[in-house]
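[1] I need the structure of the sequence given here:
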Amino acid sequence: MKRIDIMKRAGRNLRQAKARTLLTSLAIAVGAFTLTASLAVGEGARQYADKLIKSNVDPQSVYVTKEKIRENGPAGSGLKEYSDSAAQYNGITIKTLSADDIKTISEIKGVSKVAPTYLISTQYVTFEGKDKKYVSDVTTYDPTVLASIASGTLPKLGDQIGVDEVVMPESYADSLDMKPADLVGKTVTLHLVKTGKQPSQAELQQAFLQGGTAAVQSLVQVETKDIQLRVRAVSAKSSTSFSATAALFISDTKAAELADYLTAGTSQYRQYISATVIVDKATSPETVKQSILDKGMHALTAKDLSGIIFTIVDILQGIVTGFGILALIASVFGIINTQYISVLERTSQIGLMKALGMSRRGIAKLFRYEAAWIGFIGGLIGAGIAFVVGTALNPWITKTLSLGDGNYLLIYVWWQIASLLLALILVAVVAGWFPARKAARLDPIEALRTE
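    Numbers count the residues shown, from 1 in each chain. The predicted model follows:
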(Lines give C-alpha, C1' and ligand atoms only; values in the text may rest on other atoms or scores of the structure.)
Protein backbone atom coordinates (compact mmCIF):
# COMPACT_ATOMS: atom_id res chain seq x y z
CA MET A 1 0.00 0.00 0.00
CA LYS A 2 1.07 3.56 -0.66
CA ARG A 3 1.98 5.78 2.29
CA ILE A 4 -1.04 8.04 1.73
CA ASP A 5 -3.35 5.02 1.67
CA ILE A 6 -1.90 3.76 4.93
CA MET A 7 -2.42 7.20 6.53
CA LYS A 8 -6.06 7.27 5.39
CA ARG A 9 -6.61 3.74 6.66
CA ALA A 10 -5.11 4.71 10.04
CA GLY A 11 -7.51 7.65 10.26
CA ARG A 12 -10.51 5.43 9.51
CA ASN A 13 -9.44 2.94 12.16
CA LEU A 14 -9.30 5.71 14.77
CA ARG A 15 -12.75 7.00 13.78
CA GLN A 16 -14.15 3.54 14.46
CA ALA A 17 -13.00 3.88 18.08
CA LYS A 18 -13.82 7.55 18.61
CA ALA A 19 -14.21 7.51 22.39
CA ARG A 20 -10.93 5.71 23.01
CA THR A 21 -9.09 7.89 20.49
CA LEU A 22 -10.46 11.09 22.05
CA LEU A 23 -9.60 10.06 25.62
CA THR A 24 -6.05 9.11 24.64
CA SER A 25 -5.66 12.37 22.68
CA LEU A 26 -6.85 14.38 25.69
CA ALA A 27 -4.01 12.91 27.74
CA ILE A 28 -1.58 14.39 25.23
CA ALA A 29 -3.65 17.60 25.10
CA VAL A 30 -2.88 18.26 28.79
CA GLY A 31 0.85 18.26 28.08
CA ALA A 32 0.36 20.23 24.86
CA PHE A 33 -1.65 22.87 26.72
CA THR A 34 1.05 23.27 29.38
CA LEU A 35 3.91 23.40 26.89
CA THR A 36 2.11 25.86 24.62
CA ALA A 37 1.37 28.12 27.59
CA SER A 38 4.99 27.81 28.71
CA LEU A 39 6.29 28.84 25.28
CA ALA A 40 3.85 31.78 25.18
CA VAL A 41 4.86 32.97 28.67
CA GLY A 42 8.55 32.68 27.82
CA GLU A 43 8.15 34.62 24.57
CA GLY A 44 5.99 37.28 26.23
CA ALA A 45 8.39 37.71 29.15
CA ARG A 46 11.41 37.98 26.81
CA GLN A 47 9.74 40.56 24.59
CA TYR A 48 8.63 42.53 27.64
CA ALA A 49 12.12 42.42 29.18
CA ASP A 50 13.71 43.37 25.87
CA LYS A 51 11.34 46.32 25.56
CA LEU A 52 12.10 47.26 29.15
CA ILE A 53 15.84 47.32 28.52
CA LYS A 54 15.73 49.09 25.15
CA SER A 55 13.31 51.80 26.27
CA ASN A 56 15.04 52.54 29.58
CA VAL A 57 18.76 51.85 29.43
CA ASP A 58 21.39 53.54 27.31
CA PRO A 59 23.13 50.69 25.42
CA GLN A 60 26.43 52.59 25.72
CA SER A 61 26.33 52.60 29.55
CA VAL A 62 28.28 50.38 31.94
CA TYR A 63 27.38 49.94 35.62
CA VAL A 64 30.45 49.69 37.87
CA THR A 65 30.88 48.55 41.49
CA LYS A 66 33.95 47.81 43.56
CA GLU A 67 32.95 44.18 44.06
CA LYS A 68 30.55 41.77 42.40
CA ILE A 69 26.94 42.13 43.54
CA ARG A 70 25.08 38.86 43.72
CA GLU A 71 21.34 38.25 44.03
CA ASN A 72 21.64 37.92 47.81
CA GLY A 73 24.07 40.81 48.25
CA PRO A 74 27.77 41.46 47.68
CA ALA A 75 30.14 38.59 47.17
CA GLY A 76 31.19 37.19 50.51
CA SER A 77 28.48 39.02 52.45
CA GLY A 78 28.28 38.16 56.14
CA LEU A 79 30.72 38.97 58.92
CA LYS A 80 33.38 41.23 57.42
CA GLU A 81 36.40 43.04 58.68
CA TYR A 82 35.80 46.75 59.17
CA SER A 83 37.09 48.94 56.37
CA ASP A 84 37.09 52.71 55.88
CA SER A 85 36.39 52.06 52.18
CA ALA A 86 33.04 50.36 52.82
CA ALA A 87 29.53 51.71 53.26
CA GLN A 88 26.21 50.42 54.59
CA TYR A 89 23.43 50.30 52.00
CA ASN A 90 20.03 48.62 52.48
CA GLY A 91 21.37 46.66 55.44
CA ILE A 92 24.42 45.27 53.66
CA THR A 93 28.04 46.35 53.68
CA ILE A 94 29.37 47.28 50.27
CA LYS A 95 32.95 48.05 49.41
CA THR A 96 32.96 51.51 47.87
CA LEU A 97 34.63 53.09 44.89
CA SER A 98 37.15 55.79 45.77
CA ALA A 99 37.93 59.03 43.96
CA ASP A 100 41.05 57.30 42.60
CA ASP A 101 38.88 54.49 41.20
CA ILE A 102 36.67 57.05 39.44
CA LYS A 103 39.76 58.70 37.98
CA THR A 104 41.12 55.33 36.84
CA ILE A 105 37.85 54.52 35.07
CA SER A 106 37.69 57.93 33.39
CA GLU A 107 41.16 57.38 31.90
CA ILE A 108 40.10 54.18 30.12
CA LYS A 109 40.03 54.58 26.35
CA GLY A 110 36.51 55.07 25.05
CA VAL A 111 35.01 56.41 28.30
CA SER A 112 33.32 59.75 27.75
CA LYS A 113 31.83 60.25 31.22
CA VAL A 114 31.83 58.69 34.68
CA ALA A 115 28.89 59.49 36.99
CA PRO A 116 29.32 58.25 40.58
CA THR A 117 26.24 57.27 42.60
CA TYR A 118 25.77 59.67 45.51
CA LEU A 119 23.64 58.74 48.49
CA ILE A 120 22.29 61.84 50.24
CA SER A 121 21.15 61.40 53.84
CA THR A 122 18.48 63.94 54.81
CA GLN A 123 16.92 64.36 58.23
CA TYR A 124 13.59 65.31 56.69
CA VAL A 125 12.00 66.85 53.61
CA THR A 126 9.28 69.51 53.34
CA PHE A 127 7.05 70.40 50.39
CA GLU A 128 5.69 73.82 49.48
CA GLY A 129 2.12 74.16 50.68
CA LYS A 130 2.45 71.38 53.26
CA ASP A 131 3.22 71.88 56.94
CA LYS A 132 4.28 68.32 57.70
CA LYS A 133 7.81 66.99 57.52
CA TYR A 134 8.51 63.78 55.59
CA VAL A 135 11.30 61.23 55.43
CA SER A 136 12.56 60.52 51.93
CA ASP A 137 15.50 58.93 50.17
CA VAL A 138 17.45 61.25 47.89
CA THR A 139 19.63 59.96 45.09
CA THR A 140 21.14 60.98 41.77
CA TYR A 141 19.02 61.25 38.66
CA ASP A 142 20.33 58.66 36.20
CA PRO A 143 20.30 60.08 32.65
CA THR A 144 20.89 56.60 31.17
CA VAL A 145 17.49 55.43 32.43
CA LEU A 146 14.35 56.93 30.90
CA ALA A 147 11.37 57.33 33.22
CA SER A 148 7.70 57.56 32.31
CA ILE A 149 6.19 60.95 33.14
CA ALA A 150 2.95 61.71 34.99
CA SER A 151 3.48 65.47 34.67
CA GLY A 152 6.23 67.88 33.66
CA THR A 153 9.10 67.18 31.29
CA LEU A 154 12.41 65.35 31.42
CA PRO A 155 15.55 65.82 29.33
CA LYS A 156 16.25 63.34 26.57
CA LEU A 157 18.04 60.08 27.34
CA GLY A 158 21.63 60.85 28.29
CA ASP A 159 21.03 64.45 29.51
CA GLN A 160 21.04 65.50 33.18
CA ILE A 161 18.37 67.60 34.91
CA GLY A 162 19.15 71.12 36.15
CA VAL A 163 21.26 71.77 39.26
CA ASP A 164 18.33 73.18 41.25
CA GLU A 165 15.71 70.74 39.92
CA VAL A 166 14.24 67.59 41.41
CA VAL A 167 12.18 64.73 39.98
CA MET A 168 9.51 63.31 42.26
CA PRO A 169 7.84 59.88 42.03
CA GLU A 170 4.07 59.74 41.53
CA SER A 171 3.67 57.82 44.79
CA TYR A 172 4.69 61.03 46.63
CA ALA A 173 1.82 62.88 44.98
CA ASP A 174 -0.56 60.25 46.37
CA SER A 175 0.94 60.63 49.86
CA LEU A 176 0.64 64.43 49.68
CA ASP A 177 -2.94 64.12 48.36
CA MET A 178 -2.06 66.29 45.37
CA LYS A 179 -2.26 65.89 41.63
CA PRO A 180 1.09 65.43 39.82
CA ALA A 181 0.42 68.54 37.71
CA ASP A 182 -0.01 70.64 40.89
CA LEU A 183 3.42 69.59 42.17
CA VAL A 184 5.38 70.66 39.09
CA GLY A 185 7.09 73.99 39.83
CA LYS A 186 6.66 73.62 43.61
CA THR A 187 9.59 73.92 46.01
CA VAL A 188 11.05 70.94 47.87
CA THR A 189 13.30 71.65 50.85
CA LEU A 190 15.93 69.16 51.97
CA HIS A 191 16.96 69.53 55.61
CA LEU A 192 20.52 68.24 56.01
CA VAL A 193 22.32 67.55 59.29
CA LYS A 194 26.09 67.33 59.28
CA THR A 195 27.37 65.55 62.36
CA GLY A 196 31.04 65.51 61.41
CA LYS A 197 33.58 63.40 63.20
CA GLN A 198 32.39 62.14 66.58
CA PRO A 199 34.72 63.15 69.41
CA SER A 200 36.31 60.44 71.54
CA GLN A 201 35.64 60.01 75.25
CA ALA A 202 39.05 61.52 76.03
CA GLU A 203 38.27 64.59 73.87
CA LEU A 204 34.93 65.07 75.62
CA GLN A 205 36.60 64.88 79.05
CA GLN A 206 39.31 67.34 78.02
CA ALA A 207 36.71 69.79 76.68
CA PHE A 208 34.71 69.55 79.92
CA LEU A 209 37.77 70.21 82.03
CA GLN A 210 38.75 73.22 79.93
CA GLY A 211 35.37 74.84 79.29
CA GLY A 212 32.68 72.95 81.12
CA THR A 213 29.30 72.03 79.61
CA ALA A 214 29.44 74.83 77.03
CA ALA A 215 32.70 73.45 75.60
CA VAL A 216 31.24 69.93 75.36
CA GLN A 217 28.14 71.24 73.56
CA SER A 218 30.34 73.19 71.17
CA LEU A 219 32.37 70.06 70.46
CA VAL A 220 29.36 67.90 69.59
CA GLN A 221 27.34 70.64 67.95
CA VAL A 222 25.89 69.61 64.61
CA GLU A 223 25.57 71.80 61.55
CA THR A 224 22.30 72.03 59.60
CA LYS A 225 21.55 73.23 56.11
CA ASP A 226 18.39 73.64 54.03
CA ILE A 227 18.49 73.11 50.27
CA GLN A 228 15.59 74.30 48.12
CA LEU A 229 14.86 72.63 44.78
CA ARG A 230 12.12 73.06 42.18
CA VAL A 231 10.05 70.09 41.02
CA ARG A 232 10.72 69.64 37.31
CA ALA A 233 8.65 66.51 36.76
CA VAL A 234 6.68 63.76 38.47
CA SER A 235 7.65 60.28 37.26
CA ALA A 236 4.72 57.98 36.58
CA LYS A 237 4.13 54.53 37.96
CA SER A 238 5.08 52.31 35.04
CA SER A 239 5.89 48.65 34.59
CA THR A 240 8.25 49.57 31.75
CA SER A 241 10.37 51.95 33.80
CA PHE A 242 13.44 51.18 35.91
CA SER A 243 13.10 54.40 37.89
CA ALA A 244 12.83 54.00 41.64
CA THR A 245 9.39 54.80 43.00
CA ALA A 246 10.39 55.95 46.50
CA ALA A 247 13.13 58.55 46.13
CA LEU A 248 13.70 62.14 45.09
CA PHE A 249 16.06 62.49 42.13
CA ILE A 250 18.49 65.41 41.98
CA SER A 251 21.22 66.31 39.48
CA ASP A 252 24.67 64.76 39.75
CA THR A 253 26.21 68.21 40.32
CA LYS A 254 23.92 68.98 43.25
CA ALA A 255 24.34 65.43 44.60
CA ALA A 256 28.13 65.78 44.55
CA GLU A 257 27.90 69.12 46.35
CA LEU A 258 25.63 67.75 49.09
CA ALA A 259 27.56 64.49 49.46
CA ASP A 260 30.83 66.40 49.91
CA TYR A 261 29.17 68.66 52.47
CA LEU A 262 27.76 65.76 54.50
CA THR A 263 30.84 63.53 54.44
CA ALA A 264 33.66 66.09 54.68
CA GLY A 265 36.02 65.07 57.47
CA THR A 266 34.68 61.49 57.64
CA SER A 267 35.87 58.17 56.23
CA GLN A 268 33.01 58.26 53.69
CA TYR A 269 34.28 61.43 52.00
CA ARG A 270 34.21 60.86 48.23
CA GLN A 271 33.38 57.18 48.56
CA TYR A 272 30.75 55.88 46.13
CA ILE A 273 28.49 52.82 46.11
CA SER A 274 28.66 52.56 42.32
CA ALA A 275 29.21 54.54 39.14
CA THR A 276 27.62 54.72 35.71
CA VAL A 277 30.09 54.89 32.83
CA ILE A 278 29.06 56.33 29.46
CA VAL A 279 31.02 54.90 26.53
CA ASP A 280 31.43 56.86 23.31
CA LYS A 281 29.65 55.58 20.19
CA ALA A 282 32.87 54.46 18.51
CA THR A 283 33.75 52.07 21.36
CA SER A 284 32.08 48.82 22.37
CA PRO A 285 30.78 48.76 25.97
CA GLU A 286 32.15 45.20 26.22
CA THR A 287 35.67 46.51 25.59
CA VAL A 288 35.35 49.09 28.36
CA LYS A 289 33.80 46.49 30.65
CA GLN A 290 36.81 44.19 30.19
CA SER A 291 39.22 47.06 30.93
CA ILE A 292 37.33 47.79 34.17
CA LEU A 293 37.42 44.10 35.15
CA ASP A 294 41.16 44.04 34.50
CA LYS A 295 41.56 46.87 37.02
CA GLY A 296 39.93 44.81 39.79
CA MET A 297 36.43 46.28 39.68
CA HIS A 298 33.12 44.74 38.60
CA ALA A 299 31.09 45.95 35.62
CA LEU A 300 27.78 45.16 33.93
CA THR A 301 26.61 46.32 30.51
CA ALA A 302 23.01 46.74 29.34
CA LYS A 303 23.44 43.42 27.54
CA ASP A 304 24.44 41.75 30.81
CA LEU A 305 21.36 43.18 32.48
CA SER A 306 19.08 41.71 29.84
CA GLY A 307 20.94 38.41 30.17
CA ILE A 308 20.19 38.31 33.90
CA ILE A 309 16.49 38.93 33.26
CA PHE A 310 16.37 36.32 30.49
CA THR A 311 18.05 33.79 32.79
CA ILE A 312 15.28 34.27 35.36
CA VAL A 313 12.66 33.90 32.61
CA ASP A 314 14.35 30.71 31.36
CA ILE A 315 14.34 29.21 34.86
CA LEU A 316 10.64 29.94 35.37
CA GLN A 317 9.82 28.65 31.89
CA GLY A 318 11.82 25.51 32.58
CA ILE A 319 9.78 24.81 35.72
CA VAL A 320 6.48 25.11 33.82
CA THR A 321 7.88 23.05 30.94
CA GLY A 322 8.82 20.33 33.42
CA PHE A 323 5.17 19.89 34.42
CA GLY A 324 4.22 19.67 30.74
CA ILE A 325 6.84 16.99 30.11
CA LEU A 326 5.54 14.98 33.09
CA ALA A 327 2.06 15.12 31.56
CA LEU A 328 3.47 13.93 28.23
CA ILE A 329 5.29 11.03 29.88
CA ALA A 330 1.99 9.93 31.39
CA SER A 331 0.30 10.23 27.98
CA VAL A 332 3.02 8.09 26.37
CA PHE A 333 1.99 5.14 28.54
CA GLY A 334 -1.62 5.88 27.60
CA ILE A 335 -0.75 5.61 23.89
CA ILE A 336 1.16 2.38 24.42
CA ASN A 337 -1.72 0.89 26.38
CA THR A 338 -4.32 2.01 23.80
CA GLN A 339 -2.30 0.65 20.88
CA TYR A 340 -1.62 -2.66 22.58
CA ILE A 341 -5.32 -3.10 23.22
CA SER A 342 -6.00 -2.18 19.60
CA VAL A 343 -3.53 -4.85 18.42
CA LEU A 344 -5.20 -7.48 20.57
CA GLU A 345 -8.68 -6.50 19.39
CA ARG A 346 -7.68 -6.49 15.71
CA THR A 347 -5.48 -9.56 15.65
CA SER A 348 -7.70 -11.33 13.11
CA GLN A 349 -7.74 -8.18 10.92
CA ILE A 350 -3.97 -8.08 11.02
CA GLY A 351 -3.87 -11.73 9.97
CA LEU A 352 -6.25 -11.03 7.10
CA MET A 353 -4.22 -8.04 5.89
CA LYS A 354 -1.07 -10.16 5.91
CA ALA A 355 -2.83 -12.98 4.10
CA LEU A 356 -3.90 -10.50 1.41
CA GLY A 357 -0.28 -9.48 0.85
CA MET A 358 0.33 -6.53 3.20
CA SER A 359 3.95 -6.55 4.36
CA ARG A 360 5.19 -6.50 7.94
CA ARG A 361 6.56 -3.01 7.30
CA GLY A 362 3.11 -1.88 6.09
CA ILE A 363 1.44 -3.27 9.24
CA ALA A 364 3.98 -1.47 11.44
CA LYS A 365 3.45 1.76 9.51
CA LEU A 366 -0.32 1.49 9.96
CA PHE A 367 -0.06 1.41 13.74
CA ARG A 368 2.64 4.09 13.84
CA TYR A 369 0.43 6.37 11.75
CA GLU A 370 -2.46 5.73 14.13
CA ALA A 371 -0.20 6.81 16.99
CA ALA A 372 0.87 9.86 14.96
CA TRP A 373 -2.78 10.81 14.42
CA ILE A 374 -3.40 10.56 18.17
CA GLY A 375 -0.40 12.80 18.85
CA PHE A 376 -1.50 15.32 16.23
CA ILE A 377 -5.12 15.45 17.48
CA GLY A 378 -4.03 15.76 21.11
CA GLY A 379 -1.47 18.45 20.30
CA LEU A 380 -3.97 20.38 18.20
CA ILE A 381 -6.59 20.28 20.97
CA GLY A 382 -4.13 21.31 23.70
CA ALA A 383 -2.45 24.06 21.69
CA GLY A 384 -5.81 25.34 20.43
CA ILE A 385 -7.28 25.57 23.93
CA ALA A 386 -4.10 27.27 25.22
CA PHE A 387 -4.26 29.82 22.40
CA VAL A 388 -7.95 30.62 22.93
CA VAL A 389 -7.70 30.80 26.73
CA GLY A 390 -4.46 32.81 26.64
CA THR A 391 -5.80 35.31 24.10
CA ALA A 392 -8.93 35.80 26.19
CA LEU A 393 -6.97 36.24 29.45
CA ASN A 394 -4.23 38.50 28.07
CA PRO A 395 -6.08 41.81 28.71
CA TRP A 396 -6.93 40.76 32.29
CA ILE A 397 -3.33 39.62 32.98
CA THR A 398 -1.97 42.90 31.57
CA LYS A 399 -4.27 44.93 33.83
CA THR A 400 -3.64 42.78 36.93
CA LEU A 401 0.16 42.87 36.56
CA SER A 402 0.19 46.50 35.35
CA LEU A 403 2.22 45.59 32.29
CA GLY A 404 1.08 48.67 30.40
CA ASP A 405 -0.97 49.09 27.25
CA GLY A 406 0.18 46.96 24.35
CA ASN A 407 2.19 44.58 26.56
CA TYR A 408 1.04 40.97 26.90
CA LEU A 409 2.41 38.15 29.01
CA LEU A 410 1.25 35.42 26.61
CA ILE A 411 2.58 35.78 23.07
CA TYR A 412 2.06 32.89 20.66
CA VAL A 413 4.53 32.32 17.83
CA TRP A 414 3.25 30.12 15.02
CA TRP A 415 6.52 28.32 14.34
CA GLN A 416 6.89 27.42 18.02
CA ILE A 417 3.41 25.86 18.05
CA ALA A 418 4.10 24.08 14.74
CA SER A 419 7.38 22.72 16.14
CA LEU A 420 5.57 21.58 19.27
CA LEU A 421 2.98 19.72 17.18
CA LEU A 422 5.74 17.97 15.21
CA ALA A 423 7.48 17.05 18.47
CA LEU A 424 4.23 15.62 19.90
CA ILE A 425 3.66 13.57 16.74
CA LEU A 426 7.20 12.22 17.03
CA VAL A 427 6.65 11.35 20.71
CA ALA A 428 3.42 9.56 19.83
CA VAL A 429 5.12 7.61 17.02
CA VAL A 430 7.89 6.54 19.41
CA ALA A 431 5.24 5.49 21.96
CA GLY A 432 3.43 3.48 19.29
CA TRP A 433 6.60 1.73 18.11
CA PHE A 434 6.28 -1.23 20.53
CA PRO A 435 2.64 -2.05 19.70
CA ALA A 436 3.41 -1.60 15.98
CA ARG A 437 6.33 -4.03 16.32
CA LYS A 438 4.09 -6.57 18.02
CA ALA A 439 1.47 -6.25 15.26
CA ALA A 440 4.09 -6.62 12.54
CA ARG A 441 5.47 -9.84 14.07
CA LEU A 442 2.13 -11.60 14.38
CA ASP A 443 1.95 -14.89 12.50
CA PRO A 444 -0.86 -14.53 9.90
CA ILE A 445 -2.13 -18.13 10.37
CA GLU A 446 -2.25 -17.80 14.15
CA ALA A 447 -3.83 -14.35 13.82
CA LEU A 448 -6.62 -15.68 11.54
CA ARG A 449 -7.47 -18.34 14.12
CA THR A 450 -8.10 -15.65 16.75
CA GLU A 451 -11.78 -15.05 17.51
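
[2] Please, which helix or strand holds residue 151?
    Using DSSP states H and E, residue 151 sits within strand 149-152.

[3] Against which helices or strands is that strand packed?
    If contacts are counted by 3 or more CB pairs under 8 Å, 6 or more residues apart in numbering; DSSP states H and E, strand 149-152 sits against helix 180-183, strand 223-235. The way it works is simple: take the backbone N, C-alpha and C, and place the C-beta from them, glycine included.

[4] Put together a markdown table for these, with distance to residue 330 on each row.
    Converted to a markdown table, these look like this (distance: least, CB to CB, whole Å):
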| stretch | distance to residue 330 |
| --- | --- |
| helix 180-183 | 54 |
| strand 223-235 | 50 |
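
[5] So which residues of the protein form helices?
    3-16, 18-56, 99-106, 170-175, 180-183, 201-220, 252-263, 285-294, 302-345, 347-355, 360-400, 414-431, 433-440, 444-448 (DSSP state H).

[6] Can you say which of these is nearest to residue 233?
    helix 180-183 (8.6 Å; CB to CB).

[7] contacts for the closest one?
    The contact list for helix 180-183 (CB atoms under 8 Å, 6 or more residues apart in numbering) reads 127, 150-152, 168, 170, 172-173, 176, 231, 234, 236.

[8] Residue 362 versus residue 172, what's the distance?
    77 Å (CB to CB, to the nearest Å).

[9] Settle it for me: which of the two has more neighbours?
    residue 172 (23 against 18; other CB atoms under 10 Å).

[10] quick one on the thing from earlier: in its sheet, which strands sit next to the strand holding residue 151, and in what direction?
    Sheet pairing of strand 149-152 (DSSP bridges) gives strand 223-235 (antiparallel).

[11] Hmm, residue 148 and residue 154 touching each other?
    No - using CB atoms under 8 Å as the test, residue 154 is too far from residue 148 to be in contact (9.4 Å).

[12] between these two, what contacts are shared?
    Contacts common to residue 154 and residue 148, judged by CB under 8 Å, 6+ apart, are residue 235.

[13] The two: which is more packed in?
    Neighbour totals were compared for residue 154 and residue 148, and residue 154 leads with 20 against 17 (other CB under 10 Å).

[14] neighbours of the closest residue to the more buried one other than its chain neighbours, just the number please.
    Excluding its sequence neighbours, the residue lying closest to residue 154 (CB to CB, 6 or more residues apart in numbering) is residue 233, at 5.2 Å. Look at residue 233: counted by other CB under 10 Å, it has 23 neighbours.

[15] any idea how far residue 233 lies from residue 140?
    15 Å.

[16] Check residue 375 too.
    For residue 375, the distance to residue 140 - CB to CB - is 58 Å.

[17] So these two - more neighbours on which side?
    residue 375 (30 against 25).

[18] From residue 114, how far out is the closest residue to the more buried one other than its chain neighbours?
    Once flanking residues are discounted, residue 375 sits nearest to residue 428: 2.6 Å by CB to CB, 6+ apart. As judged by CB to CB, residue 428 and residue 114 stand 59 Å apart.

[19] Settle it for me: which of the two has more neighbours?
    residue 428 (29 against 21).

[20] ok now do the more buried one, which residues does it touch?
    28, 332, 335, 371-372, 374-376, 378 are the contacts of residue 428 under CB under 8 Å, 6+ apart.

[21] can you put those in CSV and add pLDDT and distance to residue 15?
    Formatted as CSV, those follow (pLDDT from 0 to 100; distance: CB to CB, whole Å):
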residue, pLDDT, distance to residue 15
28, 86, 18
332, 80, 23
335, 80, 17
371, 86, 15
372, 88, 15
374, 89, 12
375, 88, 16
376, 92, 14
378, 90, 16
